[in-house]
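> what shape does this take:
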Amino acid sequence: MIKYIGSKRVLVPHIVRAVSAFPASGRVLDLFSGTSRVARGLKETGRYVIANDHLAYAATLARCYVQADANRWVDEARGLIEDLSRIAPKPGYFTKAFCDDARYLKPKNGARVDAIREEIARRNLPTELEAIALVSLMEAADRVDSTTGVQMAYLKKWAARASNDLALRLPAILPGAGEALHLDAVDAASRVDADIAYIDPPYNQHSYMGNYHVWESLVRWDKPETYGIANKRVQCKEYKSDFNSKRRIHQGLREVFEALRCKHLLVSFNNEGHVDRDEMIDLLSERGHVGVVAVDFKRYVGAQIGIHNPSGKKVGRVSHLRNKEYFFVVSDRRDTVDSVVAAIESSIESTALASSRSKRKRKGHESERRVE
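Predicted coordinates:
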């Protein structure tokens, strides 16, 4: 899957364990699905998952990884991707905007993106098959890009991977039913009946539209006007989300929580967000009992590298390399909250123990090599 700030890749086992600990968990709503890592992880357990996101690229990822049934689409998708892989490169909008005017990919790969994307548009494919093709192209471009994982800027010097040739792969789609929505969060919350809602909203001033504008333009293929050094789609200037505003986020969250039609909630939120732990508890307590578990979490790579000015010179210092992800467990029964909290804590402990054993094993191998 694509590189993604805020990705819950390493937290998926804890989330799956938490969902499994609720008394009813067959139908789960992932309200802010992003890359669909969590939604896909839940679908893999056999649950019916409804993944929603208001951004086009994220909704497309959900159609591929949640809605598409491998039993129905995998053979046809494999043939399609083989066909698309044979298309000759032809530079166009994407190459000019994101390879010539900006430097996210090298022009040789941009020309392949242009040609393949035009062919996908020309074929007028069924929804799920189109999503699989677009995700294959998005992920292929991500493997040869020159960023730190966000598209607010590109690297001053080309990343080594950018010289590789773009290559399509069949996404790892799963068998079984699921559903993908492309709606505003409140709208989706008010429409979907589910046993559990997993909620992982944006938490600070950085907009996901701006962070991943290249993928948004690639999926929409509306060839918009762009602006600035990063060549963002002009829509980014107008795009405003309550969740990116310190002043409006409390009301935005309150509206989402009030609209939800589900029995239980599992909310993930970062300690660097606009809402602190106690404020989130206050917001959620209107729906029932609340339990909290904190998980130590590595910051995304861009934060570890530090802040650079437009000329590429490093300015300021990296203040810290790790933060905390809070899991808020909400239910109308205290014993349910307690059992889910215990399940998350057990999952965290098991992961830490396995990691410690792995480190000791690696050190043992290194000692053996030194002796030899």
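
> how many neighbours does Ser136 have?
If you count neighbours by other C-beta atoms under 10 Å, Ser136 ends up with 23. (Each C-beta comes from the backbone N, C-alpha and C, glycine too.)

> in a helix, it, correct?
Yes: assessed by DSSP: H, G, I helix; E, B strand; the rest coil, Ser136 belongs to a helix.

> pretty sure it contacts Arg169?
Yes: counting by C-beta atoms under 8 Å, Ser136 touches Arg169, with 6.2 Å between them.

> what touches both of the two?
Ile81 (C-beta atoms under 8 Å, 6 or more residues apart in numbering).

> helix or strand for Ala294, which one?
Counting by DSSP states H and E, the element that carries Ala294 is strand 289-298.

> pull the CA atoms of that strand into CSV?
C-alpha atoms of strand 289-298 as CSV (Å, rounded to 0.1, in the frame of the first residue of the first chain):
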residue,chain,number,x,y,z
HIS,A,289,-18.7,4.6,29.3
VAL,A,290,-15.2,5.5,28.0
GLY,A,291,-11.9,3.6,28.4
VAL,A,292,-8.5,4.7,27.2
VAL,A,293,-5.3,2.9,26.2
ALA,A,294,-2.1,4.7,25.1
VAL,A,295,0.3,3.2,22.5
ASP,A,296,3.9,4.4,22.0
PHE,A,297,4.1,5.2,18.3
LYS,A,298,7.0,6.1,15.9
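
> that strand: how far from the chain's middle?
19 Å (C-alpha atoms, centre = their mean, to the nearest Å).

> tell me the buried residues in that strand?
By 16 or more other C-beta atoms under 10 Å, the buried positions in strand 289-298 come out as 289-293, 295, 297.

> again with stretch 224-235
Neighbour-count burial for stretch 224-235, counted by 16+ other C-beta under 10 Å, picks out 224, 226, 230-233, 235.

> what do you get for stretch 201-220?
Buried, per 16+ other C-beta under 10 Å, within stretch 201-220: 201-203, 207-219.

> tell me the one of those nearest Asp69?
Nearest to Asp69 among the buried residues of stretch 201-220, counting by C-beta to C-beta, is Val219 at 21.0 Å.

> what's the average pLDDT for the helix or strand containing the closest one?
According to DSSP H and E, Val219 maps onto helix 213-220. For helix 213-220, mean pLDDT is 97.

> thinking again about what came up before, strand partners of the strand holding Ala294, parallel vs antiparallel please.
Paired neighbours of strand 289-298 in the sheet (DSSP bridges): strand 322-331 (antiparallel).

> how far off centre is the partner strand?
Taking C-alpha atoms, centre = their mean, one finds the center of strand 322-331 at 17 Å from the center of the full chain.

> then stretch 236-254?
The chain centre lies 19 Å from the centre of stretch 236-254; the measure is C-alpha atoms, centre = their mean.

> before we move on, what about stretch 66-78?
With C-alpha atoms, centre = their mean, you get 21 Å for stretch 66-78.

> now it: buried residues?
Across stretch 66-78, burial judged by 16+ other C-beta under 10 Å covers 66-68, 70, 73-74, 77.

> which residues touch the closest residue to Ala159 other than its chain neighbours?
The spatially closest residue to Ala159, leaving aside those adjacent along the chain, is Ser146, at 4.3 Å (C-beta to C-beta, 6 or more residues apart in numbering). Ser146 makes contact with 103-106, 154-155, 158-159, 161-162 under the criterion C-beta under 8 Å, 6+ apart.

> what does Thr336 give?
Residues in contact with Thr336 (C-beta under 8 Å, 6+ apart) are 22-23, 264, 289.

> strands of the stretch 1-150 of the chain, start to end?
Under the criterion DSSP state E, counting those that start in this stretch, the stretch 1-150 of the chain contains strands at 27-30, 48-52.

> I'd say Ala18 and Leu266 touch.
Yes: counting by C-beta under 8 Å, Leu266 is a contact partner of Ala18 at 5.5 Å.

> identify the contacts common to the two.
When contacts are counted by C-beta under 8 Å, 6+ apart, Ala18 and Leu266 have 327, 329, 340 as shared neighbours.

> pLDDT value on the first one, please?
On pLDDT, Phe327 comes in at 96.

> now the angle between strand 322-331 and the host helix or strand of Asp278, please.
Per DSSP H and E: Asp278 is located in helix 277-284. Following axes from the mean of the first three to the mean of the last three C-alpha atoms, to 10 degrees, one obtains 20 degrees for the angle between helix 277-284 and strand 322-331.

> what segments of the stretch 201-350 of the chain are strands?
Using DSSP E, counting those that start in this stretch, the strands of the stretch 201-350 of the chain run over 226-227, 232-233, 261-270, 289-298, 307-308, 314-315, 322-331.

> quick one: closest of the ones you listed to Asp242.
Distance to Asp242, taken as C-beta to C-beta, is lowest for strand 261-270 among these, at 14.6 Å.
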